[in-house]
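[1] Need the 3D shape of this:
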Amino acid sequence: MMEPGDDAWASLDAIAQGELVARGEVSTSELVEAACRRIEGIDPRLGAVPIRLFDEARRAARDVHVGRSPVSGVPFLMKDVGARQAGQPYYAANRALRDRDHRATADTPLGACFREIGLVTVGKSSTPEFGLQSNTWPLAYGPTRNPWDPTRAAGGSSGGACAAVSAGLVPVAHASDGAGSIRIPAAWCGLVGLKPSRDRIVWRHAGTGRSDVEFVVARSLRDTATFMDLLRSDRHRARAGEFRSGLTEQLPVLRIGVCADAPGGHAVHAACRDATERAAQLLSDLGHDLEHAAPGPLAEYEERTLYGAVLGPAEYRECLEDLEERLGRPPGPGDVEPFLWELSRIADDATPSEREAAARWSSGWIRRTLRWFDSFDLLVTPTVPEPAPLLRELDPTRLNPLELLERMVPHMAFTEPWNATGQPAISLPLGRSTEGLPVGVQLVAGRGLEGLLLSVGALLLGPVGEIAVPRPPIHA
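    Residues are numbered from 1 along each chain as shown. Here you go, the predicted model:
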């Protein structure tokens, strides 16, 4: 039996930590104290956990119902945007909300679910302001650094969550994805990052049918599958443990498309291309039918960019409207970062008919893209066209908003389309660059087919009960 606080706990996934608690080999309080010590000792090198809730976590640990779920008693991080838990700070990495110490007044559905399954929130992970960038460098907190190389970006917008899980501070953490915000940082930090299908997870605090989804990031496939079982919106009607048990199910012969060329002609790093081709070759060796093919509408990149310029600013304006509600007054340029303020002003002059035309074209693009998956079971691509870039290349104190946006757009080339279509996609840590940086490979399937992604992931990562993710140099 491990001694309380043994750093070996940091190497365990959430399932293994939950099993220790269930067997009585360690208490929830001991696991929580160990996580708090790791955050205090290691996070100053990462900047992943700017909001620490240690006293609250210690109190919550005493009330955990052991055995309620396979992860009862496991320490956990909430992302500082999206789902909320009552009484906790909710700043969305915004300086005005931080300075006001704004707090959530109620649990959102997903926040409540995290409590119900026995997770203990020890802190909140960093994110770009309102989760709007592909890297995590909010002016409210400063940059989150990659545990594989602290001069490199951790990605965004779930960069704090991914850096913390990769470094072993906690085994699993809340994350969200609106254009790649789970998969991009998972690829750069060497994690398993699943974006579930639209409305698959019981999480929304307002509305359905949105392109953004929330879930978790993890170091093992079995954790990822278990959280799909625990958080799925139809969990009360579903077969218990369906996704976890599906990891070992026999697959039929699959028809798989492979594409290592980025939409829009963005350059693809050799390590990203090579990892994709190696994964495809392994699936071919296992008897699946492969073809170098991808949905034709992905090539309509310029059209999507033009129509996106009409529709995209609505998201920025929604952030300002949300901030106004929380502040009780209209926000000004001093209340938000220049990135949000300036981009919210773009296309303010678009007419209703122009917005309607853009929405109509986008709906047609989605239908045509989905039709490709009537003939193919799976698409394999790089997750991001490059390994983690140097932080200085994404410095918001040095680049103006349009320069920063231009640098970030290629990061989303392979990920954003599947938010638009509502399909599930997963990033798997299947490669390394010559500098030793992690490289992710993305699998995409039809709506509702997360189980297929997890089963194929098990073929590529090996034994599903083990953590296949190597430790980074900065690790607990």
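
[2] from here on, contacts and neighbour counts on C-alpha atoms
    Will do.

[3] Show me the strands in this protein, by range?
    Per DSSP state E, the chain carries strands over the ranges 51-52, 75-79, 120-125, 145-146, 149-153, 172-177, 192-195, 213-218, 255-258, 289-291, 378-382, 425-432, 438-444.

[4] As a markdown table, those with distance to residue 103, mean neighbour count and mean pLDDT would be great.
    Converted to a markdown table, these look like this (distance: least, C-alpha to C-alpha, whole Å; neighbours: other C-alpha atoms under 10 Å; pLDDT from 0 to 100):
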| stretch | distance to residue 103 | mean neighbour count | mean pLDDT |
| --- | --- | --- | --- |
| strand 51-52 | 12 | 20 | 98 |
| strand 75-79 | 14 | 29 | 98 |
| strand 120-125 | 12 | 28 | 98 |
| strand 145-146 | 26 | 32 | 98 |
| strand 149-153 | 29 | 21 | 98 |
| strand 172-177 | 18 | 28 | 98 |
| strand 192-195 | 27 | 32 | 98 |
| strand 213-218 | 20 | 28 | 96 |
| strand 255-258 | 45 | 22 | 98 |
| strand 289-291 | 50 | 17 | 98 |
| strand 378-382 | 38 | 27 | 98 |
| strand 425-432 | 32 | 27 | 97 |
| strand 438-444 | 35 | 29 | 98 |
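
[5] quick one: which of those is nearest residue 26?
    The closest of the strands of the chain to residue 26 is strand 75-79. By C-alpha to C-alpha, the value is 12.8 Å.

[6] Give me the residues contacting the closest one.
    Residues from elsewhere that reach strand 75-79 (C-alpha atoms under 8 Å, 6 or more residues apart in numbering): 31-32, 35, 84, 119-127, 158, 160-161, 170-175.

[7] and if you look at stretch 149-156?
    45-46, 127-128, 131, 133-136, 144-147, 160, 162-163, 181-182, 184-186, 188-189, 388-392, 394, 437, 473.

[8] Would you mind checking those residues for buried ones?
    Buried members of the contacts of stretch 149-156, counted by 16 or more other C-alpha atoms under 10 Å: 46, 127-128, 131, 133-136, 144-147, 160, 162-163, 181-182, 184-186, 188-189, 388-391, 394, 437.

[9] confidence score at the spatially most central residue of the chain?
    By C-alpha atoms, centre = their mean, the chain has its centre lying nearest to residue 182, at 1.6 Å. If you check residue 182, the pLDDT there is 98.

[10] now swap in the one 4 residues further on and tell me
    At residue 186, the pLDDT value in this model is 98.

[11] same thing with residue 2?
    For residue 2, pLDDT reads 44.

[12] Same check on the one 4 residues further on?
    Per-residue confidence for residue 6 comes out at a pLDDT of 51.

[13] Surely residue 430 is in contact with residue 275?
    Yes. Using C-alpha atoms under 8 Å, residue 430 is in contact with residue 275, at 6.3 Å.

[14] where do the contact lists of the two overlap?
    What both residue 430 and residue 275 touch, as defined by C-alpha under 8 Å, 6+ apart, is the set 439, 440, 441.

[15] And for the first one, nearest residue in space, chain neighbours not counted?
    Spatial nearest neighbour of residue 439, chain neighbours left out: residue 431 (4.6 Å); criterion: C-alpha to C-alpha, 6 or more residues apart in numbering.

[16] And the contacts of stretch 252-269?
    With C-alpha under 8 Å, 6+ apart, stretch 252-269 has contacts from 273, 276-277, 280, 287-294, 298-302, 375-382, 385-387, 410, 413-414.

[17] Identify each buried residue in that stretch, please.
    254-264, 268-269.

[18] How about stretch 366-381?
    Here stretch 366-381 shows 366, 368, 369, 370, 372, 373, 376, 377, 378, 379, 380, 381 as buried, counting by 16+ other C-alpha under 10 Å.

[19] Would you work out how far apart the start and end of stretch 144-155 are?
    8 Å (C-alpha to C-alpha, to the nearest Å).

[20] And the one helix or strand in the chain whose mean pLDDT sits lowest, what does it pack against?
    Across the helices and strands of the chain, mean pLDDT, DSSP states H and E gives its lowest value to helix 301-311, namely a mean of 90. Applying 3 or more C-alpha pairs under 8 Å, 6 or more residues apart in numbering; DSSP states H and E, one finds that helix 301-311 makes contact with helix 352-372.

[21] Tell me the pLDDT of residue 207.
    54.

[22] repeat for residue 346
    pLDDT, read off for residue 346, is 77.

[23] Could you do the one 4 residues further on as well?
    With respect to pLDDT, residue 350 has a value of 80.

[24] so it touches residue 310, yeah?
    Yes. Between residue 350 and residue 310 there is a contact at 6.6 Å, judged by C-alpha under 8 Å.

[25] who has more neighbours, those two?
    residue 310 (22 against 12; other C-alpha atoms under 10 Å).

[26] what's the spacing between that one and residue 304?
    From residue 310 over to residue 304 the distance is 10 Å, taken as C-alpha to C-alpha.

[27] need the contact list for residue 124.
    Listed by C-alpha under 8 Å, 6+ apart, the contact partners of residue 124 are 49, 50, 51, 52, 53, 77, 78, 79, 80.

[28] Count the residues that sit near the residue nearest to the last one when sequence neighbours are not counted.
    Taking C-alpha to C-alpha, 6+ apart as the measure, residue 80 lies nearest to residue 92, with 5.1 Å between them; neighbours along the chain are not counted. Here the count is done by other C-alpha under 10 Å, and residue 92 has 24 residues near it.

[29] Let me see the backbone angles for residue 92.
    According to degrees, to the nearest 10, the main-chain angles of residue 92 amount to phi 50, psi 30.

[30] Check it and give its pLDDT.
    98.
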